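K.L.:
give me a 3D structure for the following:
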Amino acid sequence: MGRLGVILGSNAVARGGAEIVAAVESAGAVALRRHGRDSYVLPHLIDHGANLRSLAEAGCDRVLALGSVGSLRPEIGVGSLVCPDDFIALQLLTTTLDDARAHTMPGFDRDWRSEALAAWQGAGAAPLRDGGVYRQANGPRFETPAEIRLIAMHAQLVGMTLAAECVVAAEIGLPYAAVCIVDNMANGIGARPLGTEELERDRAANAATLREALAAALPRLVR
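P.N.:
Coordinates of the predicted model:
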């Protein structure tokens, strides 16, 4: 049986991020910082192929990805954890293939997602919402309120990386599931306009929630 690879997002580079990385590694999983180790790589510049191939080369045979997201629903508040079951990314051109194999049927791996969800819920970790549609935006800028109103008609979460990463993982042969943590209400959804200071404050506050949840759930997934 191969190793578990855990891909960490923006939370790993925010205040408290080192403790999140430590929680993953102490559980025996392989931690990969999506945005880089030494300098911050913007979402649209991430080399998903290189990241996922490095996990495969480290002996990983499945991936649990963590993503910082904005909520498109008032009832899914800051600090919520969500395990999405589908995504929208119509604008993506991401692929590691250059032939007909690129005509794939994308999506989160159903069996691995169910296993990860059951382990998380059985660990008594922070509640994990089952299901939701993730909409990948181009980034690196955030969306306008008008764009959010359009996106919110079809999705519950918005981010900049997970759909592309999921597509590439399938091409490489790595089952892929995701856990999203809501670090902000999307622009126009909250009571106040989205600001970077508030976002960074809430992201830092969420680091403890994420660290504790990983410490509880990952031992059930590392086998």
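
K.L.:
so after the helix or strand where residue 177 lies, what's the next helix or strand?
P.N.:
Using DSSP states H and E, residue 177 sits within strand 176-185. Downstream of strand 176-185, the first helix or strand assigned by DSSP H and E is helix 196-221.

K.L.:
tell me the bridge partners for the residue nearest to residue 107 when sequence neighbours are not counted.
P.N.:
Leaving out its chain neighbours, the residue that sits closest to residue 107 by Cβ to Cβ, 6 or more residues apart in numbering is residue 86, at 6.6 Å. Placement of C-beta: from N, CA and C, glycine included. With DSSP bridges applied, residue 86 shows beta-bridge pairing to residue 133.

K.L.:
quick one: contacts for residue 205?
P.N.:
residue 79 (Cβ atoms under 8 Å, 6 or more residues apart in numbering).

K.L.:
go through stretch 185-194 and flag the buried ones.
P.N.:
For stretch 185-194, the neighbour count (16 or more other Cβ atoms under 10 Å) marks 185, 186, 187, 188, 189, 190, 194 as buried.

K.L.:
sorry, back to before: report the separation between the residue nearest to residue 107 and residue 8.
P.N.:
22 Å (Cβ to Cβ, to the nearest Å).

K.L.:
so for the two, which sits in the more crowded spot?
P.N.:
residue 8 (22 against 13; other Cβ atoms under 10 Å).

K.L.:
where does the protein have low pLDDT?
P.N.:
1 (pLDDT under 70).

K.L.:
just the strands in it please.
P.N.:
Taking DSSP state E, the strands of the chain run over residues 3-8, 30-33, 60-71, 81-83, 86-88, 128-130, 133-136, 157-159, 176-185.

K.L.:
which among the buried residues of stretch 185-194 gets closest to residue 100?
P.N.:
Closest to residue 100 out of the buried residues of stretch 185-194 is residue 186 (36.8 Å), distances taken as Cβ to Cβ.
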